[in-house]
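J.: 3D, please:
(one chain, ligands or ions: 1)
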Amino acid sequence: MKRNIEDAFNLHLNAEFYSFYLYLSMANYFAAQNLEGMTHWMRLQSEEERIHAMKFVDFINDRSGRVVLAQIDQPRTDWNSPLEAFEDAYSHEQLISSKINDLVELANQERDHAAHQFLQWFVSEQVEEEATALGIVEQLRRVGDNPVGLLMIDQQLVGRTPPTDSASA
Ligand code: OFO
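T.: Below is the predicted model of the structure:
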């Protein structure tokens, strides 16, 4: 693979590991609030992000590139409310979507069809990631300060199931 694509992919896998870190940090924030469903949901979300990062690792290795693991930034550790945390998750997903779009542009520019095809999975995944995060943000906005409503959303999020394999993550 071309050097500029390898560099951009290495940069992006760091962003996916940062997503893993950020969501794990959010899970710990929810755990401290005794919000069992949100804790569970965010832990699974963080695990999905680790799988996303590993997809980039595997792709770079498969193309005889060199994976370079860089330092992962420290994520925020506290939020003012579950709503604020999920709003952060939603804007983070929007940022990741724009990074994926930039990678697609680069793959096209360099006529790297394998990279382009690899990225298509992430293009669809980001649609889902944004929609899911926004869905929860909207539910939380609707219940506002109502503690019963918050607990109902928390109970609903307990039901999230882990991905059955890496392809569905
Ligand atoms: Fe990897 O999709 Fe979220 O960040």
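J.: Show me which residues of the helix or strand encompassing residue 88 are buried.
T.: According to DSSP states H and E, residue 88 maps onto helix 82-109. For helix 82-109, the neighbour count (16 or more other C-beta atoms under 10 Å) marks 82-83, 85-90, 92-93, 96-97, 99-100, 103-104, 106-107 as buried. (C-beta placed from N, C-alpha, C; glycine too.)
J.: Please apply the same query to stretch 62-73.
T.: For stretch 62-73, by 16+ other C-beta under 10 Å, it's 63, 65.
J.: shaky segments in the chain?
T.: Across the chain, residues meeting the criterion (pLDDT under 70) sit at 164-169.
J.: interface residues of it facing the ligand?
T.: Contact residues, the chain versus the ligand (C-beta under 6 Å from any ligand atom): 16, 19, 49, 52, 93, 96, 129.
J.: which residues does the third one contact?
T.: It refers to residue 49. Residue 49 makes contacts with 16, 17, 19, 20, 23, as judged by C-beta atoms under 8 Å, 6 or more residues apart in numbering.
J.: if you look at those, which of them are in helices?
T.: In this view, those that belong to helices under DSSP state H are 16, 17, 19, 20, 23.
J.: Go through these and say which is closest to residue 112.
T.: Nearest to residue 112 among the ones in helices among the contacts of residue 49: residue 16, at 19.2 Å, using C-beta to C-beta.
J.: which residues touch residue 26?
T.: 42, 46, 79, 85, 88, 89.
J.: Now flag whichever of those is closest to the ligand.
T.: The ligand lies nearest to residue 89 out of those, by C-beta to the nearest ligand atom, at 8.4 Å.
J.: Wait, the closest one touches residue 135, no?
T.: No. Contact between residue 89 and residue 135 fails when scored by C-beta atoms under 8 Å: they sit 11.3 Å apart.
J.: where do the helices sit along this protein?
T.: In the chain, the helices defined using DSSP H lie at 3-32, 36-62, 82-109, 113-143, 147-157.
J.: Tell me which of these lies nearest to residue 68.
T.: Of those, nearest to residue 68 by C-beta to C-beta is helix 3-32, at 5.0 Å.
J.: Now do the closest one and helix 113-143, the angle between them.
T.: 20 degrees (axes from the mean of the first three to the mean of the last three C-alpha atoms, to 10 degrees).
J.: when you give positions from now on, start the count at 776
T.: With the count now opening at 776, the last piece we talked about shows up as helix 778-807.
J.: in helix 778-807, what's buried?
T.: Within helix 778-807, the residues that qualify as buried are 780-781, 783-785, 787-805, counting by 16+ other C-beta under 10 Å.
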